[in-house]
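1. Sequence first, predicted coordinates after that:
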Amino acid sequence: MQSEPLKEKCSAGLKLFCSQLQAIHIDQLERKWITISLLVIGLLVGIMTLDALVDGINPPSKVETIDSASLHLSKEFAEDNLGVHVENGKVIVRMVAGRYSFFPKQISVPAETPVTLRWVSMDVLHGVHIPMTNMSTMIVPGYVAEITTTFPKPGDYPVLCNEYCGLGHNHMWSNIAVIAKEVWATRTSTPAQGGNSHE
Ligand SMILES: [Cu+2]
């Protein structure tokens, strides 16, 4: 059979590798630190794997792609569709990052409620960071970055770009007005507002 010689070759190669490894002199202390380093790496990889499988924690892009050059033609990120929407009881925010601002410039969301923010870039690599929340991600052109966060209390939250994107980078910021849950509920129940509160 063809697979037998291959198996033998592999085990012979492995044996040779192990014997060569054993022949190398490694100091006792060095050996200890190599073992500790490998255990730490194993532990971290284990935690990441467990988080991904059990809690569904993924990188923000989730490898969801979009054509950055034609966002205005896309269904989801067309200008009329940006801002805050309530869909199936969930608060969804869609925003576009572009040199040098986040669009829409001003939105309002409820406090103490999970808010899913979906971001895309219309030009280059941007970052977005909202202090006092877990909202911090890169916005890579061609990908949709999604993070769900809860704003702990009402107030104005700055939205900052934390990836250098050009000469106007330090002016790239926006604002999210977080309003009390009860006030938000009365606003969204008003037909004129329709759940949207963007500019
Ligand atoms: Cu920037």
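-> Arrived safely, thanks for sending. Residues are numbered from 1 along each chain as shown.

2. tell me what the lowest-mean-pLDDT helix or strand in the chain is packed against?
-> When the helices and strands of the chain are scored by mean pLDDT, DSSP states H and E, helix 181-189 comes last with a mean of 80. When contacts are defined as 3 or more Cβ pairs under 8 Å, 6 or more residues apart in numbering; DSSP states H and E, helix 181-189 packs onto strand 106-110. C-betas here are computed from N, CA, C, even on glycine.

3. Just the C-alphas of the strand it packs on, formatted as PDB.
-> Taking C-alpha atoms only, strand 106-110 is exported to PDB below (Å, rounded to 0.1, in the frame of the first residue of the first chain):
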ATOM      1  CA  GLN A 106     -25.500  63.500  16.200                       C
ATOM      2  CA  ILE A 107     -27.700  60.600  17.300                       C
ATOM      3  CA  SER A 108     -29.500  59.700  20.500                       C
ATOM      4  CA  VAL A 109     -29.900  56.200  22.100                       C
ATOM      5  CA  PRO A 110     -31.400  54.900  25.300                       C
END
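
4. Tell me the buried residues in it?
-> Judged by neighbour count (16 or more other Cβ atoms under 10 Å), strand 106-110 contains these buried residues: Ile107, Ser108, Val109, Pro110.

5. ok now the least confident helix or strand of the chain, how far from the chain's centre?
-> 28 Å (Cα atoms, centre = their mean, to the nearest Å).

6. go on, stretch 82-102?
-> For stretch 82-102, the distance to the chain centre is 15 Å (Cα atoms, centre = their mean).

7. and that stretch, anywhere near the ion?
-> No. Using Cβ under 5 Å from the ion, stretch 82-102 stays clear of the ion, with a minimum separation of 6.8 Å.

8. next structured bit after the top helix by length along the chain?
-> Longest helix in the chain, counting residues (DSSP state H): helix 28-50. Scanning forward in sequence from helix 28-50 by DSSP states H and E, the next helix or strand is strand 83-87.

9. Could you list the paired strands of that next one along with their orientation?
-> Note on strand 83-87: by DSSP bridges, its sheet partners are strand 90-98 (antiparallel).

10. How about the residues of the chain by the ion?
-> Checking the chain against the ion by Cβ under 5 Å from the ion, the hits are Cys161, Cys165, His169, Met172.
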